[in-house]
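# Build the 3D model from these lines:
(chains A and B)
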There are 2 protein chains.
Amino acid sequence: MQLSVRAASAVVEAKPKTDLILIPGGKGKATHMKKGDLLKVINTHGKQVVDFWAFSTSEWGKEIMSMHHTRNALQKMTPQAGDTLYTASMKPIMTMLEDSGPGVHDTTAAACSYGLYVLQIGEEAAKEHDSCTNNLYNALAELDLALAEDPRYGYYTPAPFNLWMNVTDTPDESGYCWVMPPQDQKAGDYTVFRAEQDCVAAFSACPWDIGDMNGPGGEPQDCHFQVFSA
Amino acid sequence: MQLSVRAASAVVEAKPKTDLILIPGGKGKATHMKKGDLLKVINTHGKQVVDFWAFSTSEWGKEIMSMHHTRNALQKMTPQAGDTLYTASMKPIMTMLEDSGPGVHDTTAAACSYGLYVLQIGEEAAKEHDSCTNNLYNALAELDLALAEDPRYGYYTPAPFNLWMNVTDTPDESGYCWVMPPQDQKAGDYTVFRAEQDCVAAFSACPWDIGDMNGPGGEPQDCHFQVFSA
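Numbers count the residues shown, from 1 in each chain, chains lettered A, B, ... in the order given. Just a heads-up that it's a prediction; the model follows:
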């Protein structure tokens, strides 16, 4: 008999605050969280990149989960289970408690955007293409939220924590490249975060379909999340 | 006789628009640039990290040189001579024309900040310590500029292009680490950029004195820059 070495998830004992919520493949979704709430993000089909942002509620539009400040604080490129993610003023906003998969995530890529698709597939095709940047703003709008009265945050959208995104930066291979998730990442893999302050968490199941970053074929897949009381 | 393989600098033929301007060691400085102007940034003593930002003048506070969007556009971690740097809406803002040194720069680290120094050296010592984040806002204030009427940009300061910053990310060595510049980087090494739109360029000769990122001893050193007409 083979024993599982995986610890029981922290959310097993926790009380659900929401149902299992769909992040439709290629689209976005957002939710409110209270300090201490747990968030389980599920890679339902196993090969989908999920862009993940968090925005403080009490200092809306000011305190934002920041990848570059998190790298500074952790002295680490990519947070792992046990690591806290920070705002630019170095206030904790999320702690990654669990990661059921191989731990391949990314903090370097910007959310894909209309401007990036213009560079990649041209202006006409870009107009018809979803983007994680637009998904973020649409998801916030569903909660009657916007990042600012003026459009400046539309211009400098914060870098997301790109869950399950596999970015290589190996000079001897292909250099900086968005590649297929590792083989041992599987359907149902999940990450669990604890909110360190009242915040809004937002997600986009990335619609990037150039290459196989989202698995063979590149078709964006549905993912899910659920919020629990601690 | 050994022949130099280095091409003559583009600025040799260009007409100076400014004197050689000091970036005092550990402090910041900013300047206006017109589209097409050339900017020479000089590592006067050879081992100093210079944080470098650019902000569009015509869309002040909106169009900002963005490291994560530049990585997306270039599909590259670090721009090299010949590469263009972009705003979040993928508008070109700077092109790196020349790089006299070994080409070691960084796009991953946030500007050092009060919050980072609190984590590193404690609250009391942090209060007395300069930071690249404060240097940026002070340098802009010298030009009667601020990034916004409200303090939100103070909270989410854009990641700078960290000239001459040597960041390792080698799992088999020390992991993500801010280390000494390479041996072949020398006093007088320079980079040349062309402004791709009217903008403000801002610099901080980084005051980080923990470890030897700014050379042995870590004492911040003066650097210089000069602006030329094309």
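# what is the spatially most central residue of chain A paired to in the beta sheet?
Chain A has A:Phe52 as the residue nearest its centroid, 2.3 Å off, counting by CA atoms, centre = their mean. When bridges are called by DSSP bridges, A:Phe52 pairs up with A:Phe161, A:Phe203.
# which stretch of helix or strand covers the closest residue in space to A:Met65 that isn't next to it in sequence?
Leaving aside its sequence neighbours, A:Met65 sits nearest to A:Ala54 (CB to CB, 6 or more residues apart in numbering or on different chains; 4.0 Å). For every residue, glycine as well, the C-beta is placed using N, CA and C. Taking DSSP states H and E as the criterion, A:Ala54 maps to strand A:50-56.
# which other helices and strands contact that strand?
If you count contacts as 3 or more CB pairs under 8 Å, 6 or more residues apart in numbering or on different chains; DSSP states H and E, strand A:50-56 packs onto strand A:38-43, strand A:92-99, helix A:132-142, strand A:161-163, strand A:199-205.
# how about a cut-off of 6 Å?
Counting contacts by 3 or more CB pairs under 6 Å, 6 or more residues apart in numbering or on different chains; DSSP states H and E, strand A:50-56 is packed against strand A:161-163, strand A:199-205.
# now for these, which one comes closest to A:Ile21?
strand A:199-205 (9.1 Å; CB to CB).
# angle of that closest one against strand A:92-99?
Counting by axes from the mean of the first three to the mean of the last three CA atoms, to 10 degrees, strand A:199-205 points 50 degrees away from the direction of strand A:92-99.
# quick check: angle from strand A:199-205 to strand A:38-43?
Here strand A:199-205 runs at 0 degrees with respect to strand A:38-43, directions being taken by the same axes, to 10 degrees.
# Can you report how many residues lie near the closest residue to A:Ala195 other than its chain neighbours?
Among residues not flanking A:Ala195 along the chain, A:Met33 sits closest, at 4.2 Å (CB to CB, 6+ apart). Per other CB atoms under 10 Å in any protein chain shown, the neighbour tally for A:Met33 reads 24.
# May I have the phi/psi pair for A:Met33?
phi -140, psi 150 (degrees, to the nearest 10).
# picking that back up, right, and the residue nearest to A:Met65 touches A:Ala201 too?
Yes - using CB atoms under 6 Å, A:Ala54 is in contact with A:Ala201, at 5.2 Å.
# So these two - more neighbours on which side?
A:Ala54 (27 against 24).
# Distance-wise, check that one relative to chain B.
Look at A:Ala54 and chain B: by CB to the nearest CB, to the nearest Å, they are 13 Å apart.
# Also A:Gly211?
11 Å.
# what helix or strand does that residue sit in?
Using DSSP H and E, A:Gly211 maps to neither a helix nor a strand.
# which residues touch the closest residue to A:His45 other than its chain neighbours?
Leaving aside its chain neighbours, A:His45 sits nearest to A:Gln221 (4.1 Å; criterion: CB to CB, 6+ apart). Going by CB atoms under 6 Å, 6 or more residues apart in numbering or on different chains, A:Gln221 touches A:Gly25, A:His45, A:Gln48.
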